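K.L.:
I'll drop the sequence and a predicted model, then ask my questions.
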Amino acid sequence: MNKEEFLEVYRHSLAHILAKAVIEIFGKDNVQYAIGPQIDDGMYYDFLLPRTVTQEDFPLIEEKMREIIKRREDWTVKEVSKAEGLKMFEDQKFKVELIQDLPEEEALTVYYTGDDFVDLCRGPHIENSQDLMNVAFQVKSASGSYWRGDENRDQLQRIYVFAFPDKQQLKEHLKWLQEAQERDHKKLGPQLELFMFDETAPGMPYWLPRGWKLYNTLMNFSRTLQDEYGYQEICAPVFNNRKLYLISGHWAHYQNNMFVVPELERDEDGHILLDESGSFKMKPVEEADIYSAKPMNCPNAMIVFKSKTRSYRDLPLRLSENNVLHRKEKSGQLNGLLRVQEFRQDDDHTFVMETQIEEEIAKIFELTDRIYNTLGLEYRAELSTRPEDFMGDIETWNLAEKALKNILDSKYGEGGYEINEGDGAFYGPKIDLQMKDALGREWQCGTIQLDFQLPANFDLKYTAADGGQYRPVVIHRALYGSFERFIAVIIENFKGAFPFWLSPTQVAVVPIKSEHNDYAKEVCALLRANGVRFEVDYEDKNMNAKIKEFKQFKIPYIIVLGDKEAEERTVSINVRGSNQQLRNVPLDEFLDMCDQMNEEHSLELISERA
């Protein structure tokens, strides 16, 4: 048995122990038990219980699980018919539903833990509870869930349990988890005054002054690099008539995720009419002009391409856009900046001839490496192929997939990347960029998509050297992905202590007393002239209080200005993450240091550089 199989067996078996423990605690007649699969760090089980499970219950559940394991009960498997299974679980409605959904002739397997607990399960499992004696586990949490993920069905309680082969591995995981919690962008974002959310706009972040500086620094970095590669930035309408999405195919494939604005009935004076119930009166669909907040930029890019006659000399035509997008999500799917309803992407739509595909995507990978390497981030590529709801013909899809596969084979070698079958966009296959953070977690941020379909839908053409009319191919490309998600990842990756060039505030200025404010103003003017982002506190209050307040924002340098500094035109520097203070550094030298770190996009520790 390999490691993965071993993990599956003992974690899945432990889920049965959890179910048995909960039944013994709450009473057999009071518990409906649903499903209990293993997950990456343990397992969970869903229950319908007479009351809410709280954190105070966790030790009791763990104690009962250990008690059951110490009984050293045998585990036995039995094959039963569908009818026998329905009889066996007649008092357990979730098990009954699962059995009813199976084909009539299918045989079922059930597993007994001792004589008094049985569960519907394919297995495999342990032979005796004593096999779990050395397994380390701990109840992680309890949360709500819906039966089969349907919000109209029973609301269950999901009890999560960490489970590892031994105590040391559990201890290491808990330490890792603590570190992940300390890096949580949902905590650090408001703490560092980067962003906030409000119930008036669910899933739509408010970017605060410091956060917007970070946002624009990333955007300007991307813009500067893209300018080197010949990209041209456009800006298209945020609201579009559904006619645009009928042409692109998004209305058929994506309308449930779009914020749609129906047209209301109005009188001759433009006043909105109400129906008998007092609700807004809608125009009939066939008469209405229905608009939607755009969920992606690609249809607008097609319109820009088609706005004038194009020649082969214009290609590749790289049209980038950083516009606001909106996608409607279920409230339970929203997750800080990682899953939002309003966001921007570092989008681009490059129009190429078929002969230019591989060369252009090679340049995109070159640009990707420059961006990710600057941020000290590793990534790997995955190829996602034709989904079930694809648009277009299979021959065209095969051509697109072959082109992307050739590119990845060339870059990584055959078999040097993963293939996600059926996970492509509805209009074309794609290469997803999986980014690894400081804790080893992977995040899908960037994407490169090859599209033969939208140019056909919009009847796009260019004039070739032979005078003929040909259809371009579109490469959809985003390297950050959404700025919101990318910022969430780098907040957690850097734990909010960004490299100097990226920090929202790079230098905090602390005049010791009011009489030092004039010199502080002179220093601030020079920082501004040198493009250094700074904050200053001119208030007449204790110097240490000012420093303490600035430190909470993880600012790389806090410079202190007193009598000696003003007289000698120097600064004294408190360095982030260090008790080190650099005294009487000449002001010109400090400004040069800031300039150099901005130019180099240095990732070195500030203390090492200083």
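P.N.:
Perfect, I can see it now.
K.L.:
gap between G422 and I475?
P.N.:
Distance, G422 to I475, using C-beta to C-beta, to the nearest Å: 21 Å. For glycine as for every other residue, the C-beta is placed from the backbone atoms N, C-alpha and C.
K.L.:
with I126 instead?
P.N.:
52 Å.
K.L.:
thinking again about what came up before, who has more neighbours out of G422 and I475?
P.N.:
A direct count of neighbours by other C-beta atoms under 10 Å for G422 and I475 places I475 higher, at 22 against 11.
K.L.:
spit out the contact partners of that one.
P.N.:
By C-beta atoms under 8 Å, 6 or more residues apart in numbering, I475 lies in contact with 348-350, 352, 357, 360-361, 364, 448-451.
K.L.:
show the pLDDT at it.
P.N.:
Note for I475: predicted pLDDT of 95.
K.L.:
looks to me like it is in a strand.
P.N.:
Yes. Judged by DSSP: H, G, I helix; E, B strand; the rest coil, I475 forms part of a strand.
K.L.:
contacts only, for the spatially most central residue of the chain.
P.N.:
With distances taken as C-alpha atoms, centre = their mean, L338 lies nearest the centre of the chain, 3.6 Å away. With contacts defined as C-beta under 8 Å, 6+ apart, L338 is in contact with 185, 484-485, 488-489.
K.L.:
let's go with 7 Å and repeat that
P.N.:
Counting by C-beta atoms under 7 Å, 6 or more residues apart in numbering, L338 makes contact with 485, 488.
K.L.:
contacts for the helix or strand encompassing V523 next, please.
P.N.:
Under the criterion of DSSP states H and E, V523 resides in helix 517-529. In this structure, residues lying in contact with helix 517-529 by C-beta under 7 Å, 6+ apart are 507, 509, 511, 534, 536, 538, 561, 566, 571, 587, 591.
K.L.:
wait, the last one sits on F534?
P.N.:
No. The pair L591 and F534 does not pass the contact test of C-beta atoms under 7 Å, sitting 11.4 Å apart.
K.L.:
then the top helix by length along the chain to PDB, C-alphas only?
P.N.:
Secondary structure assigned by DSSP state H gives helix 3-26 as the longest helix of the chain. Coordinates of each C-alpha in helix 3-26 appear next as PDB, following Å, rounded to 0.1, in the frame of the first residue of the first chain:
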ATOM      1  CA  LYS A   3       1.400   6.500   1.100                       C
ATOM      2  CA  GLU A   4      -1.700   7.900  -0.700                       C
ATOM      3  CA  GLU A   5      -3.700   4.700  -0.300                       C
ATOM      4  CA  PHE A   6      -2.600   4.500   3.400                       C
ATOM      5  CA  LEU A   7      -3.800   8.000   4.000                       C
ATOM      6  CA  GLU A   8      -7.100   7.300   2.400                       C
ATOM      7  CA  VAL A   9      -7.700   4.200   4.400                       C
ATOM      8  CA  TYR A  10      -7.000   5.500   7.800                       C
ATOM      9  CA  ARG A  11      -8.600   8.900   7.300                       C
ATOM     10  CA  HIS A  12     -11.700   7.300   5.800                       C
ATOM     11  CA  SER A  13     -11.900   4.800   8.600                       C
ATOM     12  CA  LEU A  14     -11.500   7.600  11.100                       C
ATOM     13  CA  ALA A  15     -14.600   9.300   9.600                       C
ATOM     14  CA  HIS A  16     -16.600   6.200  10.600                       C
ATOM     15  CA  ILE A  17     -15.200   6.500  14.100                       C
ATOM     16  CA  LEU A  18     -16.300  10.200  14.100                       C
ATOM     17  CA  ALA A  19     -19.800   9.200  13.000                       C
ATOM     18  CA  LYS A  20     -20.000   6.600  15.700                       C
ATOM     19  CA  ALA A  21     -18.800   9.000  18.400                       C
ATOM     20  CA  VAL A  22     -21.300  11.700  17.400                       C
ATOM     21  CA  ILE A  23     -24.100   9.100  17.500                       C
ATOM     22  CA  GLU A  24     -23.100   7.900  21.000                       C
ATOM     23  CA  ILE A  25     -22.900  11.500  22.300                       C
ATOM     24  CA  PHE A  26     -26.200  12.700  20.900                       C
END
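K.L.:
after it, which helix or strand is next?
P.N.:
Downstream of helix 3-26, the next assigned helix or strand under DSSP H and E is strand 32-33.
K.L.:
where does the stretch 1-150 of the chain have low pLDDT?
P.N.:
1-3 (pLDDT under 70).
K.L.:
and the strands in it, which stretches?
P.N.:
32-33, 38-39, 42-48, 75-80, 108-113, 117-120, 136-146 (DSSP state E, counting those that start in this stretch).
K.L.:
can you redo the contacts of I475 as TSV with pLDDT?
P.N.:
Shown next, in TSV, are the contacts of I475 (pLDDT from 0 to 100):
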residue	pLDDT
D348	97
H349	97
T350	98
V352	96
I357	90
E360	94
I361	92
I364	94
I448	92
Q449	90
L450	89
D451	89
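K.L.:
of those, which belong to helices?
P.N.:
Among the contacts of I475, the members falling in helices (DSSP H) are 357, 360-361, 364.
K.L.:
nearest to A142, of the residues you listed?
P.N.:
Using C-beta to C-beta, I364 is the member of the ones in helices among the contacts of I475 that lies nearest A142, at 45.0 Å.
K.L.:
gap between that closest one and L460?
P.N.:
20 Å.
K.L.:
ok, E359 next?
P.N.:
20 Å.
K.L.:
more neighbours, these two?
P.N.:
Neighbour tally, E359 and L460, criterion other C-beta under 10 Å: the higher count belongs to L460, 19 against 11.
K.L.:
just checking, the more buried one is part of a helix?
P.N.:
No. If the criterion is three-state DSSP, then L460 is coil and not within a helix.
K.L.:
just to check, it is in contact with V304?
P.N.:
No. With contacts counted by C-beta under 7 Å, L460 stays clear of V304, the gap being 10.6 Å.
K.L.:
would you map the strands across the stretch 151-300 of the chain?
P.N.:
Going by DSSP E, counting those that start in this stretch, the stretch 151-300 of the chain shows strands at 155-164, 195-196, 206-207, 232-233, 239-241, 259-261, 291-293.
K.L.:
want to throw those strands into TSV with mean pLDDT, distance to A464 and mean neighbour count?
P.N.:
As requested, those are arranged in TSV below (pLDDT from 0 to 100; distance: least, C-beta to C-beta, whole Å; neighbours: other C-beta atoms under 10 Å):
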stretch	mean pLDDT	distance to A464	mean neighbour count
strand 155-164	96	59	21
strand 195-196	98	48	18
strand 206-207	98	45	15
strand 232-233	97	22	14
strand 239-241	95	31	14
strand 259-261	91	40	14
strand 291-293	94	35	20
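K.L.:
which one of those strands lies closest to R380?
P.N.:
With C-beta to C-beta as the criterion, R380 lies closest to strand 155-164 of the strands of the stretch 151-300 of the chain, at 26.1 Å.
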